[in-house]
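Engineer: dropping the sequence and predicted coords here.
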Amino acid sequence: MIEVEHLTKYFGSTLAVDDISFRVEKGEILGFLGPNGAGKTTTMRILTCFLAASKGTARVAGYDVFEDSLEVRKRIGYLPENPPVYSDMTVQFYLDFNARIKGIDPKDRKRRVEEVMERCAIRDVKDTIIGKLSRGYKQRVGLAQALIHDPEVLILDEPTIGLDPRQIIEVRKLIKGLAGEHTIILSTHILPEVSMTCQRVVIINKGRIAAVDTPENLTTKLRGSERLFIEVEGPADEVSRKIREMPEVIGVTVETGRNGGRNAFLVDSKVEVDIRAQLASKIVGSGFGLLEMRPVGMSLEEIFLQLTTEERTE
Amino acid sequence: MRNMLAIFQKEMRSYFISPIAYVLAAVFLVISGYFFYGIVVSFSNQSLYYVQYSSRYGMQMPPLNLNEQVIRGIFGLMSFISLFMIPMLTMRLYAEEKRSGTIELLMTSPLTTVQTLLGKFLACFVLYVLIIALTVIFMVILEIYGSPEWGPIISSYIGTLLMGAAFISVGIFASSLTENQIVAVVISFGALLMFWVIGSAVIFTGPGAGRVFSYLSIIEHIVDFHKGVIDTKDAVFYLSFTGFFLFLTYRTVESRSWR
């Protein structure tokens, strides 16, 4: 549905997007993940025909974003980072205006406006001036605008920003519900959001693609192990030998080696196996004193950081 | 066409929902009304003086011309007020869209730049026509108490509207250059003022280049309209002037995606 090939964008001499290629299949939700300034918005703006690429091509539904820009725009619903709302319009008028400029048949207009208001839960504010709405409502009005012409492709730039936790859940549910019929690209820098909504993730950093995979694969691939920090009273080599006897343990590293005294260890074990109880009884059962034990969390955020930092040093 | 109409209606609504249209129309009417009153009073004093003078000395005075002395003055004033008023009508057309990010909506919707541009231009032009149309009441008053010639009045209106279109095109162009409305006003006012006074450049350029400058002068071409002459060359000047600045605007807006 969306094919991006060797896309490059310069702003003056600044390289914003560097030779990006990826594909999105019909009905898929693709997450665009990256720190601020990574080039997410720029890529999306090229896909929505707002910016022209310096090099490379992008095709949406078979149409080139540059050559057949109007055809592409008919098929795309776009929610920019800041919802593009007119603050002096009422919600209903705004959506009606959008229905008109997006070429909806005049007799379907009213029905479509009602539908998207229902879908985005903004019917209760339909006569309110948009300028008076809270950020969360504006965001949903922006989303309604993107959905109004029932586009084949939805491009959402940080769709859950500014929403309260309950609304975030609702919007994610809404987005998931749109998949299948619609092809969706959404950008975010919130990692759990990606694992919750997307089928595939493109991690982008400094204008380059750092990784493309499913969220599950990414987490397992990157989070190679579960890690525990323990402090034990006992000789270092003996303790680590004992720990290594456990089948779930992948590796043990001695953090501070003070022979005979207290030693700290980092124990790596298989993913998604909690070995804490076994480990504790093993150590105590072997006659050592267990002083401290805590999991060293390798959160998605850290994985992400690690990935994007590695990329930077290359 | 439908797209253009959507933009047109949106801009129109925006003019009338904010106080801008009302305030400008009111200011315009107060100033031109005050001057209309002043000119008419001085004209009637003058006529009275003429009547007394000719009856006392039994001399036949040349007749006073309502068109020349009242109407031409009013139209001259209307052009002058437009010079200040139009930049304020055009300033937000693109600048505000850029500031608020709604330009992103327009440029990613299936709308062409030309449709957006013409919708905006026409909305502003129609508002201008409406404001100018309010002055018809002056002409009606003159018709009731005097006998003006309608030919020059109509040609003056045509000239005023053509000139207004030219002013608006400059204003829209200025608005497309910036996202700051104040900057847009200053640029368009400055540019219009330049085109207003450029004819005076003949003082230091000599007659050759002076002819070019006086041709470029935006007020030079309205003189004939005020006299009741609709010259194609003047109409072509205003239309091509408008077309040129709308084209510049189009290029400016389009070039956005390359930067």
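Structural biologist: Okay, I see it. Residues are numbered from 1 along each chain as shown, chains lettered A, B, ... in the order given.
Engineer: make it CA atoms for all contacts and neighbour counts henceforth
Structural biologist: OK.
Engineer: for the helix or strand harbouring residue B:223, which helices and strands make contact with it?
Structural biologist: Here residue B:223 sits within helix B:223-227, counting by DSSP states H and E. Of the remaining helices and strands, those touching helix B:223-227 by 3 or more Cα pairs under 8 Å, 6 or more residues apart in numbering or on different chains; DSSP states H and E are helix B:72-90, helix B:150-177.
Engineer: the last one: how far from the chain's middle?
Structural biologist: In this case it means helix B:150-177. Here the centre of helix B:150-177 is set off from its chain's centre by 4 Å, with Cα atoms, centre = their mean, to the nearest Å.
Engineer: the helices and strands packed on helix B:223-227 into TSV, with extra columns for distance to chain A?
Structural biologist: Supplementary listing: the helices and strands packed on helix B:223-227 in TSV, determined by distance: least, Cα to the nearest Cα, whole Å:
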stretch	distance to chain A
helix B:72-90	17
helix B:150-177	16
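Engineer: got the contact list for the residue of the stretch 101-250 of chain A found nearest chain B?
Structural biologist: Here the residue of the stretch 101-250 of chain A nearest chain B is residue A:101; by Cα to the nearest Cα that distance is 5.4 Å. Residues in contact with residue A:101, defined by Cα atoms under 8 Å, 6 or more residues apart in numbering or on different chains, are B:2-3, B:6-7, B:109-111.
Engineer: state the distance from it to residue A:70.
Structural biologist: As defined by Cα to Cα, to the nearest Å, residue A:101 lies at a distance of 12 Å from residue A:70.
Engineer: pull the number of nearby residues for residue B:171.
Structural biologist: Residues within reach of residue B:171, counting by other Cα atoms under 10 Å in any protein chain shown, total 32.
Engineer: what do you get for residue B:63?
Structural biologist: Considering only other Cα under 10 Å, residue B:63 is surrounded by 8 other residues.
Engineer: ok, so what distance separates it from chain A?
Structural biologist: For residue B:63, the distance to chain A equals 55 Å [Cα to the nearest Cα, to the nearest Å].
Engineer: now that residue: which helix or strand?
Structural biologist: Counting by DSSP H and E, residue B:63 is part of no helix or strand.
Engineer: ok, now residue A:136?
Structural biologist: With the criterion set as DSSP H and E, the secondary-structure element containing residue A:136 is helix A:135-147.
Engineer: which strand or helix spans residue A:74?
Structural biologist: Following DSSP H and E, the helix or strand that holds residue A:74 is helix A:69-75.
Engineer: C-terminal to that helix, what's the next element?
Structural biologist: Beyond helix A:69-75 in the direction of the C-terminus, DSSP H and E gives the next helix or strand as strand A:76-79.
Engineer: show me what counts as buried in that following strand.
Structural biologist: Judged by neighbour count (16 or more other Cα atoms under 10 Å in any protein chain shown), strand A:76-79 contains these buried residues: A:76-79.
Engineer: again with stretch A:169-187
Structural biologist: Of the residues in stretch A:169-187, those with enough neighbours to count as buried (16+ other Cα under 10 Å) are A:170-172, A:175-176, A:178-179, A:182-187.
Engineer: do the helix holding residue A:136 and chain B meet?
Structural biologist: No. Helix A:135-147 lies out of reach of chain B by Cα under 8 Å from any Cα of the partner chain, never closer than 9.2 Å.
Engineer: can you list the helices and strands that that helix packs against?
Structural biologist: Other helices and strands packing on helix A:135-147, by 3+ Cα pairs under 8 Å, 6+ apart, are strand A:76-79, helix A:91-101, helix A:109-119.
Engineer: near chain A, which residues of the stretch 1-150 of chain B?
Structural biologist: Near chain A, the residues belonging to the stretch 1-150 of chain B are B:2-3, B:6-7, B:10, B:14, B:17, B:100-105, B:107-112 when assessed by Cα under 8 Å from any Cα.
Engineer: just the buried residues of those.
Structural biologist: Neighbour counting by 16+ other Cα under 10 Å classes B:3, B:6-7, B:10, B:14, B:100-105, B:107-112 among these as buried.
Engineer: helices of the stretch 1-150 of chain B, residue ranges please.
Structural biologist: For the stretch 1-150 of chain B, applying DSSP state H, counting those that start in this stretch gives helices covering B:2-17, B:20-57, B:66, B:72-90, B:92-100, B:102-108, B:113-133, B:136-145, B:150-177.
Engineer: which helices and strands does the third one pack with?
Structural biologist: Based on contacts counted as 3+ Cα pairs under 8 Å, 6+ apart, there is no element that helix B:66 packs against.
Engineer: report the distance from that helix to the chain centre.
Structural biologist: Centre to centre, stretch against its chain (Cα atoms, centre = their mean), the figure for helix B:66 is 23 Å.
Engineer: mind checking how far the residue of the stretch 101-250 of chain A closest to chain B is from residue B:248?
Structural biologist: When residue A:101 is compared with residue B:248 (using Cα to Cα), they lie 24 Å apart.
Engineer: which parts of chain A sit against chain B?
Structural biologist: Near chain B, when you scan chain A using Cα under 8 Å from any Cα, you find A:11-12, A:48-53, A:70-71, A:73-74, A:78, A:80, A:82-86, A:88, A:97, A:100-103.
Engineer: which among those count as buried?
Structural biologist: Among the residues of chain A next to chain B, those buried by neighbour count (16+ other Cα under 10 Å) are A:48-53, A:70-71, A:73-74, A:78, A:80, A:82-86, A:88, A:97, A:100-103.
Engineer: list the contacts for the nearest residue to residue A:39 once chain neighbours are set aside?
Structural biologist: Nearest-residue entry for residue A:39: residue A:207, 4.9 Å, with adjacent residues in sequence omitted and distances by Cα to Cα, 6 or more residues apart in numbering or on different chains. Contacts were defined as Cα under 8 Å, 6+ apart; by that measure residue A:207 touches A:15-18, A:20, A:38-40.
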